[in-house]
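# Predicted coordinates and the sequence they were generated for:
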Amino acid sequence: MAASEPLTIESLGELMALVGKSADFTRITLEAGANRITLSVYSSMADNRQIYEHLMPGLQGMQEKIRDWSALLGRLPFKDMSVETEPKKIAAKLQRGFAVIELAILPAETLLIDISNESLGHRSNNDTENEFAVIGPKAGFVENLEINMHLLRQQIAVPQLIFEDMTLGSLSKTKIVVAYIEGLTNPELVQKMKDRLRGIDFDVVYDSAMLEQVIADESNTPFPLFLTTERIDRISYVISSGQVAVMCDGSPYVLSGPSTFMDFFISPEDYYLPWITGSFFRIIRIMSVFFSLFASPLYIAVLTYHFEAIPTRLLHPIMLSGLHVPFSPVMEVLFLETTIELLREAGARLPAKIGQTLGIVGGIVIGEASVQAALTSNILLIIVALSALASFTTPIFKMANTIRVLRFPLILLSALLGGFGIAVGFTLLLAHLLRLKSLDSPYMIPFYPFRRGNLADSLIRSSYQHTTNRTLYLNPLRKKRYHPNMAKDDIDHED
Amino acid sequence: MNYQAPLAKTVSPYLLWFMIHKSQTGVAVLDFQSRIAQGAEQDSWVSVLLTGLSMHLVVLLMFYVLKHANRGDLVSLHVQLFGRGLGTLLNGVFLLYLLLLVCYQLITYSQVIQALVFPDMGTWRIGLVFLLLFVYITSGGFRVITGTAFWFVLIPSLLIVTLFIPLQYADWRNFLPMFNHSLPEYAYSAAQSLPLYIGVELLLMYYPFIRNNDKAQKWAHIGVMHTYLLYFVFVVATFAYYNMGQLRHSVWPTLGMSKIIQFTFLDRFDYFYIFNWVFVITPPCCLILWSCTRILRFTTRMSGRVSLWATAAVVFVIVAVFHDMLAIDRLGAVVRYAGTSLLFGYIPLLAVCVFIANRFRKSVRDSEA
């Protein structure tokens, strides 16, 4: 796999010479007569308390007596100790915070002891601020893989939950875990996901969102093809419905797939609210996508080409509000949309408190001032602000960004070809979505290919009595989720 | 003998419904009412229905023919029945017919746009936008075309609801007196309604891409039925809304009807119809381009991508040079004649050929045994 392995280490001496250059590398030698014990460790990776409280006392005074490893193995109180001869493996473990013990009388072998400090450099909790839900759990994944596995296993408490690990990245050696449920998840999906991950050759894996792009079926698309989320409930839901999840050390985002277009508009909150309310909010979210995509293009198309389509009584206020604006509608729209994009981008880069102030400055001051300066019309300001608001209702930030980007080609099309351009743009968008696949499964399921069984939980979130089956496009080995509990549903049922 | 493409490239049999229906409905739905009314006048809805019913027969014959094709489509059947030389010639003729069909759709729709929305926009500009769109969709393969067909049956179907508004102004006495026309008048209307049903023959090309295609005939019949029921609704609504005198002077009766629809925020509802027709003509045109690509790849050495661009270029040139109204009318007539002779002349003939070939092969096998 690793075609671009950056360094090769031939011998133990070479390794020690190399790591010795680093300031955080510590080497302690205990000498007595002919024998000599050497302890090498990265102090930045290891738990230093363990070295001085348990390891050093165990080694002291042993220089004379020791003849082979068994004497030490019996004496030291650590869970993971192994004898290793291969320099490459020694290097790998040393990087992860193991202590390397050398004996002068056994020059080829070393003893590796696990004293790594896992909690160093990690936050212990994540309040899911990026995917917030008012109702439901607030805990999210963090940057530590061990903690993430712990969090997930707390929610899915069956031995069938399997974590398979692999290492990726020629420089970062990042630990990746593929999570699925044995006997439920279709083994083909697991195999496909593992094959795709194994096929990767990358230097540093920073985040699972990066993996998502590398393993995606189609890279020339603005749409995210795999769901990445920091919410635990979301991941346990997709795993329990038969998807495969991929966790990446150092990333609070867990990736799952195969995903569909609809997955990105579902919020876990839909399931915590009564189904009628939940469905209502979901429909609002989907409608706001359309609004956000087509509102400003329609404004341009109507005011540039089709003003006879508006009734006179409505045309009057629109014309009045744009009376002093010297620009064409498309320039107006582009000016306002760019302003909103600037505000959004600045708000995202700034610290939270300044970001809030910026929102007020941008939203009120710039908006009001640009209308008074006759740069844009009032009505357009309302439309653009509403469609910006609408685009942020999408629960997954990546998809919200996609929608914001897609407005611009539609704006250009409508400026060039009016309503005809919007129809063409919609067709292009739909055709593009139809071409997409996530882990070889069509992106537009359950609408095309049409799957009646999955409609119960798509545009609307039906009551739990109707979602007793798992999503069928994933081909789960167990189709039934739970018993519908229908008994009390019948008229005047008595038991 | 039944042939099916590799499973990963096929679509579910129920999609045949949408494919058949969608390949038939095109730009003709906008103006067919005034054309057919020239024959049997207020009774011409009978002709529309009867022509639609005859499509069941055409579908039956096509399925019979296709079951005996080596590779499951017309191009391979031609070579199989008539040999390499004559087969390739026939394929060329079929290719030409398909090209005419897609040009007809594009030119007629451009006329609508030029007459009602953008008087200054050249046909070549509209054609260029459409062809780029078609090439993008078609290069996604048959499954993507089927997907657009599926969606673009559903979305324009919402417009049927809006027919209720013109029907408030309906005069149902327009249908009286009933059945007072002669047979030639019905026949004239039937001939004029044929462009509504052209497109069903594309099944001859995509048949191998339907999963379990030998058992899928049911869905094809449902698709045909969907088509003529839809036209029936449109014809009845139009005849109830217009009287014969008005209809004779109406160029696009479907669009004319939609003009009565008004909302407080929208005066010209016909724009909605016009732009929805982008959705209506896209899937059949893509399917035709896809079929052309298949024919070219089968008969020449060009790859699929090259033949798709080549077809699109040829269509663009034809669309761009057609200006003369008379020539456009003649193009419509040629398409109508070609379609009629294909559906009611050539497909039955092909069925007879297949039948004879089968008999012959069987007797050879029997005599060998």
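Great, that's in hand. Numbering: from 1, shown residues only, chains lettered A, B, ... in the order given.
# Next, see if stretch A:279-296 gets close to chain B.
No. Stretch A:279-296 is not in contact with chain B by C-beta under 8 Å from any C-beta of the partner chain; minimum separation 12.0 Å. C-beta coordinates here come from the backbone N, C-alpha and C atoms, glycine included.
# Please list all residues in contact with B:Val224.
B:Ile20, B:His21, B:Gln24, B:Gly52, B:Met55, B:His56, B:Val59, B:Val200 (C-beta atoms under 8 Å, 6 or more residues apart in numbering or on different chains).
# pLDDT value on it, please?
Here the pLDDT value assigned to B:Val224 is 95.
# Which residue, neighbours along the chain excluded, lies closest to it?
Take B:Val224 and drop its neighbours on the chain: the residue closest to it by C-beta to C-beta, 6 or more residues apart in numbering or on different chains is B:Met55, 4.5 Å away.
# For burial, what's the neighbour tally of the one you found?
For B:Met55, the neighbour count with other C-beta atoms under 10 Å in any protein chain shown is 22.
# For chain B, what's the nearest residue on the stretch 201-350 of chain A?
A:Ala309 (4.3 Å; C-beta to the nearest C-beta).
# what residues are up against that residue?
A:Ala309 is in contact with A:Val302, B:Leu266, B:Asp267, B:Arg268, B:Tyr271, counting by C-beta under 8 Å, 6+ apart.
# In strands only, show me these.
Residues of the contacts of A:Ala309 located in strands (DSSP state E): none.
# can you tell me how far B:Ser139 sits from chain A?
Using C-beta to the nearest C-beta, to the nearest Å, B:Ser139 is found at 9 Å from chain A.
# So that residue sits against B:Arg305, correct?
Yes. Judged on C-beta atoms under 8 Å, B:Ser139 makes contact with B:Arg305 at a distance of 6.7 Å.
# higher neighbour count, the two?
More crowded of B:Ser139 and B:Arg305, by other C-beta under 10 Å: B:Ser139, with 18 against 13.
# Skipping adjacent residues, who's closest to that one in space?
Nearest to B:Ser139 is B:Leu308, by C-beta to C-beta, 6+ apart, at 6.2 Å.
# Name all residues that make contact with the one you found.
B:Leu308 neighbours (C-beta under 8 Å, 6+ apart): B:Val135, B:Thr138, B:Ser139, B:Leu289, B:Trp290, B:Cys292, B:Thr293.
# redo that, cut-off 10 Å
Contacts for B:Leu308 (C-beta atoms under 10 Å, 6 or more residues apart in numbering or on different chains) come out as B:Phe134, B:Val135, B:Thr138, B:Ser139, B:Leu289, B:Trp290, B:Cys292, B:Thr293, B:Arg294, B:Leu296, B:Arg297, B:Met302.
# ok, now B:Ala115?
B:Val251, B:Trp252, B:Leu255, B:Ile274.
# Within reach of chain A, which of those residues are there?
B:Ile274 (C-beta under 10 Å from any C-beta of the partner chain).
# Dump the contacts of B:Ala115 to TSV, plus neighbour count and secondary structure.
Formatted as TSV, the contacts of B:Ala115 follow (neighbours: other C-beta atoms under 10 Å in any protein chain shown; DSSP: H, G, I helix; E, B strand; the rest coil):
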residue	neighbour count	secondary structure
B:Val251	13	coil
B:Trp252	22	coil
B:Leu255	20	helix
B:Ile274	23	helix
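# How many neighbouring residues does residue 326 have?
This is for chain A. When neighbours are defined as other C-beta under 10 Å, A:Pro326 has 9 of them.
# ah, no, chain B please
A count of neighbours around B:Leu326, defined by other C-beta under 10 Å, yields 7.
# what's the first-to-last distance across stretch B:163-172?
Distance between the two ends of stretch B:163-172: 15 Å, counting by C-alpha to C-alpha, to the nearest Å.
# The stretch 1-150 of chain B against chain A: which residues are in contact?
Residues of the stretch 1-150 of chain B lying near chain A (C-beta under 10 Å from any C-beta): B:8, B:11-12, B:14-15, B:18, B:113, B:117-118, B:121, B:125-126, B:129-130, B:132-134, B:136-141, B:143-150.
# What ranges does the stretch 51-200 of chain B have for its helices?
Assigned by DSSP state H, counting those that start in this stretch, the helices in the stretch 51-200 of chain B fall at B:74-116, B:123-138, B:142-157, B:159-162, B:164-167, B:183-192.
# quick check: angle from the lengthiest helix in chain A to helix B:123-138?
As assigned by DSSP state H, the longest helix anywhere in chain A is helix A:397-435. Helix A:397-435 and helix B:123-138 are oriented at 100 degrees to each other (axes from the mean of the first three to the mean of the last three C-alpha atoms, to 10 degrees).
# close to chain B, is helix A:397-435?
Yes. Remark: helix A:397-435 sits within contact range of chain B at A:413, A:416-428, A:430-435, by C-beta under 10 Å from any C-beta.
# Flag every buried residue along that helix.
Residues of helix A:397-435 classed as buried by neighbour count (16 or more other C-beta atoms under 10 Å in any protein chain shown): A:397-404, A:406-408, A:410-428, A:430-435.
# Among the contacts of B:Val224, name the buried ones.
By neighbour count, with 16+ other C-beta under 10 Å, the contacts of B:Val224 hold B:Ile20, B:His21, B:Gln24, B:Gly52, B:Met55, B:Val59, B:Val200 as buried.
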